[in-house]
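In: Turn this into a model:
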Amino acid sequence: MCRIGAIKSTDYVHPSKALLLMRSQQKGHDNSGFAMVMQDLGGRFADYKDLPILSMACTDKGMATAEDILHKEGFVRVMQWSPEINFRDELNIEPMPNYVFQVFQYPRSFKYAPQEEKEELLVDMRLKLRNVLEENDDGYVYSFWPDVITLKEIGDPQDIGTYFGLWKEDRDFTAKVITAQCRQNTNYDIVRYAAHPFFLQGYTALANGENTFYEKNKNFQNGLYKGYIGFESDSQCFLYTLHYIHKILKWPLEYYKHAITPLPFEEMAKREDGEALKFIRSSLSNLEINGPNTIIGVLPDGTLFNTCDAKKLRPTVIGRHNGTVVMTSEVSGINEVLPGRNWEEDIYTSERETVVITNNLEVQRWQQ
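Out: Numbering: from 1, shown residues only. All right, here's what the predicted structure looks like:
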């Protein structure tokens, strides 16, 4: 099984906390990788909230190619940061030559463009960069979005943390929401794009488990939106469904659960909204999921949530203490990060529930 985790705080948190959260669950993964998405950034990125940040791992040629493409499209780089690399021969890691986190100003022609147009531009540019860099394996573009940084790497999570100098806590590289996963998607090829969390247009999703309706989801999603690509992992379908329900259809988050694990028809018939639920199930049946899994998601506004499959075969525990909420696969992770909490208040998400954490850290439990 994979091990997943999320940290949401009213203060800025260093990614060492996410590594600590994952390290305590070491037996649950196979040292095939570590990945994280940081949202609502602090430190050196705090003054660039509205500008897109390119997160990329690449060769020297890939960096030059990406910069040339962005320059021709009118993007102007205003800041660049690369983590301090600590190379050692004994580290179990398969690094790329360069790790790029660059902040860009939008092209002049988009200065007064509506937000929707800017968002579509960023998706178009990420897809274009990915397509060009994939031709000769010159790089991986993980995200191109304001106030978001994504890092993915193959190897031992502890060694990855050492390589990037992430075990030493500081205030220059922080965020208020961090999602992370240890273990690559080992049902398929080990590639960097297959590592959770997955990100698209402000939405983040990561999962522990399997989606046995992967082919059905994939075939349906392929034609729904240009950003639904790759499918290196069956869990990417969870992200695309979240994006489709909440962003494209503009439905409330509560209907995400009804789309992926709908109620039985006999239960729908007893509810006031039964006709609406029947319509969802009939029209979006190809987005249903099956198999043991639990999903952690983040919305563009920073809302954090967790939901499980209807069989409840993959656990999640949620703990809270002093302005910080942690979701993760095993309680040992929360014990490491929030040792002073009242463990009797921990929440174990049920099979018909969505647990939502608002930006003021209010915990809401929605029953399906």
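In: thought residue 334 was touching residue 341?
Out: Yes - between residue 334 and residue 341 there is a contact under CB atoms under 8 Å: 7.1 Å. From N, CA and C alone the C-beta is placed, and that goes for glycine too.
In: Touching both of those two, which residues are there?
Out: Contact criterion CB atoms under 8 Å, 6 or more residues apart in numbering; residues shared by residue 334 and residue 341: residue 319.
In: The two: which has the busier surroundings?
Out: More crowded of residue 334 and residue 341, by other CB atoms under 10 Å: residue 334, with 25 against 18.
In: In which helix or strand does the more buried one reside?
Out: helix 331-337 (DSSP states H and E).
In: That helix: what's the following helix or strand?
Out: Immediately after helix 331-337, counting by DSSP H and E, sits strand 347-348.
In: Kindly spell out which helices and strands sit in contact with that following strand.
Out: strand 317-321 (3 or more CB pairs under 8 Å, 6 or more residues apart in numbering; DSSP states H and E).
In: how about residue 149, what does it touch?
Out: 37, 38, 41, 45, 53, 55, 101, 143, 175.
In: so what's residue 39 up against?
Out: Residue 39 touches 147, 148, 175, 176, 177, 178, 179, 204, 298, 302, counting by CB under 8 Å, 6+ apart.
In: again, only using 7 Å
Out: 147, 148, 175, 177, 204, 298, 302 (CB atoms under 7 Å, 6 or more residues apart in numbering).
In: related to what we said a few turns ago, who wins for neighbours among the contacts of residue 149?
Out: Top of these by neighbour count (other CB under 10 Å): residue 38, with 31 neighbours.
In: what's across from the nearest residue to it once chain neighbours are set aside in the sheet?
Out: Of all residues beyond its chain neighbours, the one nearest residue 38 is residue 175 (3.7 Å), with distances taken as CB to CB, 6 or more residues apart in numbering. Beta-bridge partners for residue 175, by DSSP bridges, are residue 13, residue 41.
In: Next: the one 4 residues further on.
Out: Each beta-bridge partner of residue 179 is listed here, defined by DSSP bridges: residue 6, residue 37.
In: any idea how far residue 258 is from it?
Out: Look at residue 179 and residue 258: by CB to CB, to the nearest Å, they are 23 Å apart.
In: out of these two, which sits in the more crowded spot?
Out: residue 179 (29 against 20).
In: The more buried one contacts residue 195, doesn't it?
Out: No - if you go by CB atoms under 7 Å, residue 179 and residue 195 don't touch, sitting 11.7 Å apart.
In: Next, show the common contact partners of the two.
Out: With CB under 7 Å, 6+ apart, residue 179 and residue 195 have no common neighbours.
In: Below-threshold pLDDT in the stretch 1-150 of the chain: ranges please.
Out: 1-2, 26-32 (pLDDT under 70).
In: Need the three-state assignment for residue 259.
Out: Of the three states, residue 259 takes helix under DSSP: H, G, I helix; E, B strand; the rest coil.
In: Could you verify my assumption that it touches residue 282?
Out: No - at 11.5 Å, residue 259 does not count as touching residue 282 under the criterion of CB under 7 Å.
In: Can you show me the CA trace of the helix or strand encompassing residue 101 as CSV?
Out: Residue 101 is located in strand 98-105, with elements delineated by DSSP H and E. Output of strand 98-105 as CSV, limited to C-alpha atoms (Å, rounded to 0.1, in the frame of the first residue of the first chain):
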residue,chain,number,x,y,z
ASN,A,98,18.3,20.5,-12.7
TYR,A,99,15.4,21.3,-10.4
VAL,A,100,13.7,24.6,-11.4
PHE,A,101,11.3,26.7,-9.5
GLN,A,102,10.8,29.9,-11.5
VAL,A,103,8.3,32.7,-11.0
PHE,A,104,7.0,34.4,-14.2
GLN,A,105,5.1,37.5,-15.1
